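Asks: attaching a predicted model along with its sequence, questions to come.
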Amino acid sequence: MKHSSLLKRVLLASTFVSMLVSLYLVFVWVPVERQMGPVQKIFYFHVPSAWVAFFAFFVVFAASLMYLKTKLELYEIIAGSSAQVGVVFTTIVLISGPIWGRASWGTWWTWDPRLTTTLILWFIYLAYLIIRNSAKGHEKNLRLAAVFGIIGFIDVPIVFMAVRWWRTIHPVVFEANNIGLPPSMLTTLMVCLLTFTLLYFVLLLKSMKIEQVERKLQNLISEALKAY
């Protein structure tokens, strides 16, 4: 228990320090992009948010598989909590993207393949959360939610590959043989990716803790009603 508490404190401290470093790099250290100007700095929040969303839904995929295999409640809680965090970061992607797009493309929204598949991904895991929350502890319904979480992950590689499979105006940052970023921008992006990943784990643990407390409370209420 003490080791777990210490690890959580280290995680929180690391996330806090990493956030400060990221903010300094984004708003002070890295040069302003010549063509788009200050609005380009959204890039350092938009891309890491997309990465965290992908990672969060991968965790949903893996934890759902483990839940179906083992029936352990912990895996179901991990999957549900990760989906909540993933939906939040996908929402950030869908908000920050149009703001950046307005400055670079001249429009708030276009049915670009990357944007469209990302919106579909958001709806998929929103539906997953609705199914899961309506399960009300019934194992059959929780298994259905787990299957939905697994199938929904299919859209993640589609979102990632959309700019490579179809004609799109969305920029490609990482190519096979070319990153396409100057060293200062790449360094800042890598630090921001680390920061958002640490933040993901902080939010995941918090969400899991809330879920566990809620379930204990529900069990106590059910036992009290039975006794009454």
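Replies: All right, it came through fine. What you are looking at is a predicted structure, and each value in this text was computed from that prediction instead of being measured. Residues are numbered from 1 along each chain as shown.

Asks: which parts of this protein are helices?
Replies: Here the chain has its helices, by DSSP state H, at 2-24, 43-70, 73-105, 113-135, 139-152, 155-165, 183-227.

Asks: and of the ones you listed, who's closest to residue 30?
Replies: Closest of the helices of the chain to residue 30 is helix 183-227, at 4.5 Å (criterion: CB to CB). Placement of C-beta: from N, CA and C, glycine included.

Asks: quick revisit: mind putting the helices of the chain into JSON lines with distance to residue 34, mean neighbour count and mean pLDDT?
Replies: Putting these into JSON lines (distance: least, CB to CB, whole Å; neighbours: other CB atoms under 10 Å; pLDDT from 0 to 100) gives the following:
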{"stretch": "helix 2-24", "distance to residue 34": "21", "mean neighbour count": "13", "mean pLDDT": "89"}
{"stretch": "helix 43-70", "distance to residue 34": "14", "mean neighbour count": "21", "mean pLDDT": "94"}
{"stretch": "helix 73-105", "distance to residue 34": "13", "mean neighbour count": "20", "mean pLDDT": "90"}
{"stretch": "helix 113-135", "distance to residue 34": "24", "mean neighbour count": "18", "mean pLDDT": "89"}
{"stretch": "helix 139-152", "distance to residue 34": "40", "mean neighbour count": "18", "mean pLDDT": "88"}
{"stretch": "helix 155-165", "distance to residue 34": "23", "mean neighbour count": "16", "mean pLDDT": "82"}
{"stretch": "helix 183-227", "distance to residue 34": "12", "mean neighbour count": "15", "mean pLDDT": "88"}
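
Asks: put together a markdown table for those, with distance to residue 36 on each row.
Replies: Converted to a markdown table, the helices of the chain look like this (distance: least, CB to CB, whole Å):
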| stretch | distance to residue 36 |
| --- | --- |
| helix 2-24 | 20 |
| helix 43-70 | 9 |
| helix 73-105 | 6 |
| helix 113-135 | 18 |
| helix 139-152 | 33 |
| helix 155-165 | 18 |
| helix 183-227 | 12 |
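
Asks: my read is that residue 128 contacts residue 86, right?
Replies: No. With contacts counted by CB atoms under 8 Å, residue 128 stays clear of residue 86, the gap being 9.5 Å.

Asks: name the residues contacting each of the two.
Replies: residue 60 (CB atoms under 8 Å, 6 or more residues apart in numbering).

Asks: report pLDDT for residue 174.
Replies: We have a pLDDT of 58 for residue 174.
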